[in-house]
Structures are given as C-alpha cells and as structure tokens.
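Peer 1: Sequence first, then the predicted structure, then my questions.
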Amino acid sequence: LQVPRAPSQPQAGSESRRFTNKHSKKALKASLTLGILLGMFFVAWLPFFVTNVAQAVCGCVPAGFFDVLTWLGYCNSTMNPIIYPLFMRDFKRAMGKFLPCCRRSAEPRPSAISLSMRNSNSGPRAATSLKNVL
C-alpha cells in the first residue's frame, strides 16, 4: 500500500533544504571566521610564549628579538577590529550604528528623544496597579 502524498509535502521538503543550506552556510562562515582569528592568534602569540619560556629556562634570547615578538602580538590585537567587520555582518551593523565614522549616509541618526523612549519602555501600555502586580 502506498499513501498518497499531500501537495504541501514537496514544498516543505524544499523549504527544509533551503533552511538547512542557509544554516550550513552560516556555520561554515562562522567556522572560517573563527579559524582565521585563532590562526592569527597562534601565529602572533605562540612564538612570544615559546620564547618567553626559553628565556626563563636558558636566558639565551636576545632582547631585540623578544621585543619584535612582543610587537607581533600587539599587531594581532590591532588586526581583530579589522577582521571582525570583514567577516561578520552583524558586527559591521553594530559598528555602523554606534560609530559615526562607520554609519552609512542613508541611515537616519536616531534622536535623543526616540532613544530615551525606547530605553524607558514608555509608551502606550495598560495601567497596572499594585494589586495586579501582587
């Protein structure tokens, strides 16, 4: 016996595949971003920490080389604010919202009144009394 399929099943299958593809693309992009960030961190800071341990054990590391490795780690910290907006759309939007230099010209700037109204949750709402709360 075969059960006839309802007409909505093929659409549900294609929507499910689209949903899966969308989330797998997001997961792949997040993995790529995390891999780049961790890779840069290890490339920048691992030589510093290995040299730091070698310096503590044998004292054979020249001061100039140690300074170069320290500045390599500092450069990694400088690269993070550049890498995040390149790979993360949400981070880019947040920067555009809060930093005037990164805001698009088409986006209207929120007024102080609208911000305070949004933050205070003031607006039309039902009156509540102490009796209703308790």
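Peer 2: Cool, got the structure. Remember, it's a predicted structure, so these values are computed and weren't measured experimentally.
Peer 1: okay, CA-based contacts and neighbour counts for the rest of this
Peer 2: Fine.
Peer 1: avg pLDDT for stretch 91-102?
Peer 2: Taken as a whole, stretch 91-102 carries a mean pLDDT of 77.
Peer 1: So which bits of it are buried?
Peer 2: Buried residues in stretch 91-102, defined by neighbour count with 16 or more other C-alpha atoms under 10 Å: Lys97.
Peer 1: same deal with stretch 38-54?
Peer 2: Using 16+ other C-alpha under 10 Å as the test for burial, stretch 38-54 gives 40-41, 44-45, 47-49, 51-52.
Peer 1: mind giving me TSV with the residues you listed and columns for pLDDT and distance to Ala30?
Peer 2: Shown next, in TSV, are the buried residues of stretch 38-54 (pLDDT from 0 to 100; distance: C-alpha to C-alpha, whole Å):
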residue	pLDDT	distance to Ala30
Met40	89	15
Phe41	91	16
Ala44	91	21
Trp45	93	22
Pro47	94	26
Phe48	93	27
Phe49	94	27
Thr51	94	32
Asn52	93	32
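Peer 1: Return the subset of those residues lying in helices.
Peer 2: Mapping these onto helices (DSSP state H) picks out 40-41, 44-45, 47-49, 51-52.
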